[in-house]
Each structure stands twice: as C-alpha cells, then as structure tokens.
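**Q** Let me see the structure of the following:
(one chain, ligands or ions: 2)
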Amino acid sequence: MRRQGRIVPGIVPRIVLGIESSCDETAAALVDADRRILAQAIASQDQDHAPYGGVVPEIAARAHAERLAPQIAQVLAEAGLTLADCDAVAATAGPGLIGGVMVGLVTAKALAMAGDKPLLAINHLEAHALSPRLADASLEFPYALLLVSGGHCQILRVEGPGRYRRFATTIDDALGEAFDKTAKILGLGYPGGPAVERLAATGDPTAVPLPRPLLGSAEPHFSFAGLKSAVLRAHQSGAHRAEDIAASFQQAALDCLLDRTARALGAMEPVTALVVAGGVAANRAVRGALEGLAASRGLAFSAPPPALCTDNAAMVAWAGLERLAAGLAADPLDVAARPRWPLDPAAEAVRGAGYKA
Ligand code: KG4
Ligand code: ZN
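**A** Ligands and ions are numbered 1, 2, ... in the order given. Model (predicted):
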C-alpha cells in the first residue's frame, strides 16, 4: 500500500493537526515545530459517563462521532488556518476503546486523503511519553518515564521516537484505575483522580493502615488491586473518615510509586532525567514525590503542565512532529486501529498480569 501524502525530502514539517479519541476526551489541536500550540479544543464526556461511574465504550464512540468534525473546524478557524496549511494529520490509532479510536483514525484518514497530507497513526502511549518534550525544550533522550494513566502504569526508558524499553508494568490495575475505584468506593463520583486528590489534602495519611503491594520486591513492577480491596474494607468497616481513607490511599500509592521507580532507575541509568506523564501525573502529591526522588539521585525532573498530562490532542500532534523529525515514515491509509499496542513489544509478559497494552 502506498504511503499517504508526500513527505518532501529536506523540508521539515512545520504544522501538524492532532486528533485524540481513545477514551472519553474528544480533542483536536494544531501544534508547530517550535512547540507552539496554535489552537486546541478538548470536549470532556464526564457528564455522559457520570451516571455509570465509568466510561461506557459505545456512548464514548457516539459522542466522538458527533463532536470531532466540528471541533476540528473550530481549531482550524481559531488558528486562522485551513487543512492546506497543515503538513500532516496525526491521530491516536490505539491502544484504547476501539470504537472511539476508529472515529478519530478514520477522520484523520479522510482529511489526509482530501488534503493529500501524510497520515500519522500515533500510539497513544507514545503521545504521553513524548508530551514532556512539548512542554520542556531542554529535555533530551534518553529519559526515565513513569507513565501513569487510567489504563497504564509503566516505567520506560525513552530513547527516541519509536524507541522504548519497558522496565516495569502493573500486574493488575493501573494507578489511575485505583484512584477511580477509590473515588467510587468513597462516593466521590467520576472521574475520580482529582476528587481523591482534593479530599486527601484534608485527611490524615497515617490514619488508615493500608498495604503497599510489591514494596521492596526485586522486580520493579506495580500492583494496586490489593490496595483497592483494602480501601473497600476500610470503608465498609465504618471506622474511618472518608478524607482519612483518601489521604491514606494516596500515601500508600505514593510509597509504591517511589519504591518501584527507584528500583527501575537503578536498572536503567544512565538517563538524563526522571519524567512523569499521563493523567495521574496531574496529581500534585505525585509530582512532588517524584521531584524529590529525582533530586535525591541527582537527576533533572520534568512533568508536563497538568492540562498536558490528561488526554489531549496537542500531545498527539507533537508525537507526529517528533516522528517526522526523526525520519520515521508516515502510515498507509489501510493502517489498523489497535485496541492493544505495547510501546515495547519485546517486553516480556509479567507473571500474574492481566494483559493491558
Ligand atoms: O491519561 P488519561 O487522561 O487517560 C488515559 O489514557 O487513561 O488518564 C486518566 C486517569 C484517570 O484514571 C484519572 O482519575 C487520573 O488519570 N487522574 C488523576 C488526577 N487527574 C487525573 N489521578 C490522580 N490525581 C489527579 N489529580
Ligand atoms: Zn491517556
């Protein structure tokens, strides 16, 4: 299959249109090679999913289908640009909820075809992994990345676009999932992460004894299922205030993050920096704790601003720019949407792990 669009040798792409629709945010953005976000829009579906306490895939896909095209028209108008001014179209092609991914990818294919532009099928995890470099021009490869989101909890050595080595993953739940389930148990609604963070700030992190799964174990992997069950038992016992449960949960999660990340760093150094990205990286306690860990090891620390941590299309456009700048090929029009798509396909499956990416 012919690659879509022409990449003219010697001409560096300047402006990329990015599209994100892999979960419950519909997003479009225009980003240029100088790290400027020319325009962006994010439509959250929180209201659509709130009654169900989590994302309902079919509702998500329908909402993306309704909102995405007008949103792209809106960001182009805001930037004063047309499709002809874009050098490529990048869309998340997985991993994620497949109906939503297909809406975004097919829209990108149609635009790439109509405008004769290169199509970039972006791995959503790569978009998170490279997002810190959109915000921080001084961040060089290779860096250690803690990628913590609703679907993933991994530690990777980021060596360049398309070049990732995974050192750790979760053997059960992702950290964002644990935040969301804790919120559900405590009746805080959806999405749970920010609500747990707010409540935790008013509680006592030492009040409720909670487990720290895998703390101190030789392999740097994560586990959060036992912590979540302990939160449920603590709540059902009726012996604790919700704010103390939230604070104690967040503290237990932080202890695990720090211990596991330190372990992984020992295995992957030298790196230029410790970086955190993904939705949970919006959490101030998480950022603060990792910054402290980086400082204790003499490493630089970098985290995108919170709005670039949760799902957005600027990071997708940026991943497209990074891939093109690194000389990686654009994708053919028959490229598939992928519900699963590991960043490091060579990483071994972890015993006990539910298959996540
Ligand atoms: O990266 P993201 O927007 O979507 C995925 O790719 O999964 O991450 C969403 C996850 C949710 O689980 C949400 O509860 C969590 O990130 N999250 C937070 C915070 N903000 C978002 N978790 C803890 N504290 C926060 N402030
Ligand atoms: Zn994400």
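**Q** Work out the gap between stretch 204-217 and the centre of the chain.
**A** Remark: stretch 204-217 is offset 25 Å from the chain centroid, using Cα atoms, centre = their mean, to the nearest Å.
**Q** same check, this time on stretch 181-194
**A** The offset between the C-alpha centroid of stretch 181-194 and the centroid of the whole chain comes to 19 Å, using Cα atoms, centre = their mean.
**Q** Can you get me the start-to-end distance on that stretch?
**A** Terminal residues of stretch 181-194 are spaced 12 Å apart (Cα to Cα, to the nearest Å).
**Q** Kindly report the same for stretch 331-339.
**A** First-to-last distance for stretch 331-339 - Cα to Cα - comes to 17 Å.
**Q** does any bit of it sit next to ligand 1?
**A** No. Applying Cβ under 6 Å from any ligand atom, one finds stretch 331-339 out of contact with ligand 1, separated by at least 13.3 Å. (C-beta placed from N, C-alpha, C; glycine too.)
**Q** So V286 is in contact with G278, correct?
**A** No. The pair V286 and G278 fails to qualify as a contact (Cβ atoms under 8 Å) at a distance of 10.0 Å.
**Q** tell me, what's touching these two both at once?
**A** Residues touching both V286 and G278 (Cβ atoms under 8 Å, 6 or more residues apart in numbering): V148.
**Q** So those two - more neighbours on which side?
**A** It is G278, of V286 and G278, that has more neighbours when counted by other Cβ atoms under 10 Å, with 29 against 26.
**Q** which residues does that one contact?
**A** H128, L147, V148, S149, H152, G176, C309.
**Q** Please identify the one among those residues that lies nearest to A317.
**A** Closest approach between the contacts of G278 and A317, by Cβ to Cβ: H128, at 13.4 Å.
**Q** Can you give me the pLDDT of that closest one?
**A** According to the prediction, H128 has pLDDT 97.
**Q** Kindly report the same for E348.
**A** As predicted, E348 sits at a pLDDT of 73.
**Q** ok, it to ligand 1 distance?
**A** Separation of E348 from ligand 1 (Cβ to the nearest ligand atom, to the nearest Å): 23 Å.
**Q** For V271, give me its contacts.
**A** P142, Y143, A144, R157, L265, L299.
**Q** ok, and the most crowded of the contacts of G278?
**A** V148 leads those on contacts (other Cβ under 10 Å) with 31 neighbours.
**Q** for A325, phi and psi?
**A** Note on A325: backbone dihedrals following degrees, to the nearest 10 are phi -60, psi -30.
**Q** Touching, it and D34? I think so.
**A** No. Between A325 and D34 there is no contact under Cβ under 8 Å: 11.9 Å.
**Q** Specify which residue of these two has the higher count of neighbours.
**A** A325 (12 against 8).
**Q** that older thread, now the common contact residues for A325 and D34.
**A** Contact criterion Cβ under 8 Å, 6+ apart; residues shared by A325 and D34: none found.
**Q** coming back round to it: from the contacts of G278, which ones fall inside strands?
**A** L147, V148 (DSSP state E).
**Q** show me which of the contacts of G278 neighbour ligand 1.
**A** Subset of those in contact with ligand 1: S149, G176, counting by Cβ under 6 Å from any ligand atom.
**Q** The contacts of G278: which two are farthest apart?
**A** Farthest apart among these by Cβ to Cβ are H152 and C309. That separation is 12.8 Å.
**Q** so where does V31 fall, helix or strand?
**A** For V31, the element it lies in under DSSP states H and E is strand 25-32.
**Q** quick one: strands adjacent to that strand?
**A** Under the criterion DSSP bridges, strand 25-32 sits next to strand 15-20 (antiparallel), strand 37-44 (antiparallel) in its sheet.
**Q** quick one: contacts of the last one?
**A** Under the contact criterion Cβ under 8 Å, 6+ apart, strand 37-44 has outside partners 15, 24-32, 63, 67, 71, 74-76, 78-79, 81, 134, 311-314.
**Q** Mind listing what's buried along the helix or strand of the chain with the lowest mean pLDDT?
**A** When the helices and strands of the chain are scored by mean pLDDT, DSSP states H and E, helix 46-49 comes last with a mean of 87. Using 16 or more other Cβ atoms under 10 Å as the test for burial, helix 46-49 gives H49.
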